[in-house]
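Visitor: Next input, structure requested:
(one chain, ligands or ions: 1)
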Amino acid sequence: MSNTTLSTSIGMLPILIAPNQILKTRARPVKPTDSDLVRDLIPRMFATMYDAPGIGLAAPQISHSLRLVVIDLMPKDKKQPYSLINPEIVASSEELAAREEGCLSLPGQYAEITRPARVKVRYLDETGAKREIEADGLLSACLQHEIDHLDGVLFVDHLSTLKRNMIMRRLAKEQRAKQDERSR
Ligand code: NI
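Guide: Residues are numbered from 1 along each chain as shown. Take a look at the predicted model:
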């Protein structure tokens, strides 16, 4: 089976590239009436994220303005999958940590971002059960990055205007070059 056939059969979703209005919009909470949609989206979001590959994906990145996130820090082994519905940061440490971040909506762009070192996040899992995680390190940064997406915030929004504009210009230039290559 070719990759293309496989991708289609598992329902991959196109990832929005910044700038895009949906990526800047605060997403609405998932309601009980969304359960069919969410059940359909979660496996497709994981498939899309693993294929990219990435370690986190938020629903606005696949054009659904909903408070829904998937995370797996070990995408190659598919070992630690988290689905987070209506995630909320309920506590964050005063201590900060800096880490290089990237984003599937800003392909090829990276910057060091400073955030609280540890967070406590409350959410509903894919079965609707209430859960809480306390995270540090990469998982903490990833949770904050993905929850930012639900509030219309990208990692570059944590940078100075100068740095942000530099990255956005570079991204636009690279995307244009890619498009030119495709149309050739
Ligand atoms: Ni992102």
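Visitor: hang on, residue 171 packs against residue 20?
Guide: No. Taking Cβ atoms under 8 Å as the contact criterion, residue 171 and residue 20 are not neighbours in contact, 11.6 Å apart. Where C-beta positions appear, they are placed from N, C-alpha and C, glycine not excepted.
Visitor: so what does the helix or strand where residue 178 lies touch, helix or strand wise?
Guide: Here residue 178, judged by DSSP states H and E, is contained in helix 161-183. For helix 161-183, not one helix or strand is in contact under the criterion 3 or more Cβ pairs under 8 Å, 6 or more residues apart in numbering; DSSP states H and E.
Visitor: related to what we said a few turns ago, settle it for me: which of residue 171 and residue 20 has more neighbours?
Guide: Each of residue 171 and residue 20 has its neighbours counted (other Cβ atoms under 10 Å); residue 171 has more, 19 against 13.
Visitor: Which pLDDT does the model give the more buried one?
Guide: Here the pLDDT value assigned to residue 171 is 98.
Visitor: same deal with the one 5 residues further on?
Guide: pLDDT, residue 176: 94.
Visitor: Spatially central, which residue of the chain would that be?
Guide: Compute the mean C-alpha point of the chain, and by Cα atoms, centre = their mean the closest residue is residue 57, 2.9 Å away.
Visitor: secondary structure element for it?
Guide: Under the criterion DSSP H and E, the helix or strand holding residue 57 is strand 56-58.
Visitor: Each with direction, which strands does that strand pair with?
Guide: Applying DSSP bridges to the sheet, strand 56-58 is found paired with strand 68-71 (antiparallel).
Visitor: Tell me the gap between the helix or strand just after the strand it pairs with and the middle of its chain.
Guide: The helix or strand immediately downstream of strand 68-71 is strand 82-92, counting by DSSP H and E. For strand 82-92, the distance between its averaged C-alpha position and the chain's averaged C-alpha position is 13 Å (Cα atoms, centre = their mean, to the nearest Å).
Visitor: Strand 82-92: partners in the sheet, and parallel or antiparallel?
Guide: Note on strand 82-92: by DSSP bridges, its sheet partners are strand 68-71 (antiparallel), strand 119-124 (antiparallel).
Visitor: Tell me where the model's unsure across this protein.
Guide: When the per-residue scores of the chain are filtered using pLDDT under 70, the ranges that remain are 1-10, 75, 78.
Visitor: how about 90 then?
Guide: Residues of the chain that meet the criterion pLDDT under 90 lie in 1-12, 74-80, 179, 181-184.
Visitor: Report the contact partners of residue 112.
Guide: With contacts defined as Cβ atoms under 8 Å, 6 or more residues apart in numbering, the neighbours of residue 112 are 98, 99, 100, 101.
Visitor: Check residue 48 too.
Guide: If you count contacts by Cβ under 8 Å, 6+ apart, residue 48 has them with 12, 13, 15, 57, 62.
Visitor: any idea how far it lies from residue 173?
Guide: In this structure, residue 48 and residue 173 are separated by 25 Å, where distance is defined by Cβ to Cβ, to the nearest Å.
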